[in-house]
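Asks: Here is the input, now give the coordinates:
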Amino acid sequence: MIGDTAQIDRELVEWIDGIPFSKPARNLTRDFSDAVLTAEVLKLYYPRHVELHNYVPANSVNTKRENWKMLNRKVLMKLDMKLSSDTIYQLANGSQRAIEKLLTKLRMKVLKDGVEMHKLKLKDVEEEKIGDGSPENDGYLKLPVESSNKFDVDNEIREIKPSKFTCLKRGILVVFSWIMCLFRIWNIFSCCIPSRFRRPGDALVNVTTERIEDANGENVQRTIYSELKKDLREKEEVISTLNHKIAYLESSMKLKDLRISSLAGQILQNAVEMDQSAKSQSIDGVRAKLRSRSHNFHETKAN
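Replies: Sure, this is the predicted structure:
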């Protein structure tokens, strides 16, 4: 069991090392605690589901938890990888083995879906990292480049497989559209038939058809309402994220203003001290000149 865990950890580190992040990933537990690097991994393999501007780098536990909640709600739930509140709490607080379990599960999901990067793209990224030779590139988890060749890579990135919920939704819409078409054809056919050829039961059929159409209209309105409500919720989430960003920028500006004001006070204090020292030196020079002149005057008078 211990050997299997070590093998899984080694393959996980090799997989993470082959991904180009926006900042060095030196410690999995610490660097992945704010969900930003996890969002970058998901953006690489599932770009349609992830918007990186929604996730702010943070040091506070509350902001990290908000990032994980948004990633869970907007991305992981769509990928059938929903996180519990306890797991989100552990990830935000940097609990031991929490991020390793999530990344292992995500890697298995990626391999299962068959969504892998092109081999040449990974090779170019590795060559750029080796060619730069900067300290930031040295900060990445270093393992052989040939480890990325263990994954099966196609010549082109395959399309993301739709989820079961999406397929079911599409099937229901198709059946609903066929039913509506059949009712419309029946209404047109019934209107074309002369009244003398109609049976007495046709009136009941027309009433039933009208009721069904009204019910379908109500269902369509409910669907539109639910979609609008969902869009409104997503916009509110974007607004809350932007508010977090604004608060972060305002705090940064306040710190910079305090620093500027302290430096300006130091400059003014140094200038005042320099003026005082210059004035004292000039006064001492004048006094020395007056003493020398008075001494010379007394000597000439004595002679």
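
Asks: quick one, phi psi at P57?
Replies: phi -60, psi 130 (degrees, to the nearest 10).

Asks: Can you tell me, leaving aside adjacent residues, what's nearest to it?
Replies: Taking Cβ to Cβ, 6 or more residues apart in numbering, and ignoring the residues beside it in sequence, P57 has V36 as its nearest neighbour in space, at 5.4 Å. From N, CA and C alone the C-beta is placed, and that goes for glycine too.

Asks: neighbours of the one you found, just the number please.
Replies: Using other Cβ atoms under 10 Å, the number of residues around V36 comes to 20.

Asks: Tell me who's in contact with it.
Replies: Shown here is V36, whose contacts under the criterion Cβ atoms under 8 Å, 6 or more residues apart in numbering are 22, 52, 55-57, 67.

Asks: Apply 10 Å and report the result again.
Replies: 21-23, 52, 55-58, 64, 67, 71 (Cβ atoms under 10 Å, 6 or more residues apart in numbering).

Asks: do the same with R73
Replies: So R73 contacts 82-83, 233-234, 237 (Cβ under 10 Å, 6+ apart).

Asks: Looking at those, which one is closest to A92?
Replies: Looking at the contacts of R73 and their distance to A92, the nearest is L83, at 10.8 Å (Cβ to Cβ).

Asks: which non-adjacent residue is nearest the closest one?
Replies: N72 (4.6 Å).

Asks: Surely that neighbour is in contact with I88?
Replies: Yes: taking Cβ atoms under 10 Å as the definition, N72 is a contact partner of I88 at 6.5 Å.

Asks: Of the contacts of V36, which belong to helices?
Replies: 64, 67, 71 (DSSP state H).

Asks: can you pick the most crowded of those?
Replies: Using other Cβ under 10 Å as the neighbour criterion, N67 leads the ones in helices among the contacts of V36 with 26 neighbours.

Asks: Next, the contact list for it, please.
Replies: N67 makes contacts with 33-36, 38-39, 54-58, 88, 91-92, 241, 244, as judged by Cβ under 10 Å, 6+ apart.

Asks: most neighbours, which of those residues?
Replies: Using other Cβ under 10 Å as the neighbour test, the contacts of N67 are led by A35, with 30 neighbours.

Asks: Nearest residue to that residue in space, ignoring adjacent ones along the chain?
Replies: The shortest distance from A35 to any non-neighbouring residue, by Cβ to Cβ, 6+ apart, is to N67 (4.0 Å).

Asks: From V175, how far out is that neighbour?
Replies: Using Cβ to Cβ, to the nearest Å, N67 is found at 40 Å from V175.

Asks: that older thread, out of the ones in helices among the contacts of V36, flag the one nearest to N270.
Replies: The shortest separation between N270 and any of these is 42.6 Å, and it belongs to K64 (by Cβ to Cβ).

Asks: my guess is the closest one meets G94, correct?
Replies: Yes: the pair K64 and G94 passes the contact test of Cβ under 10 Å, sitting 8.8 Å apart.
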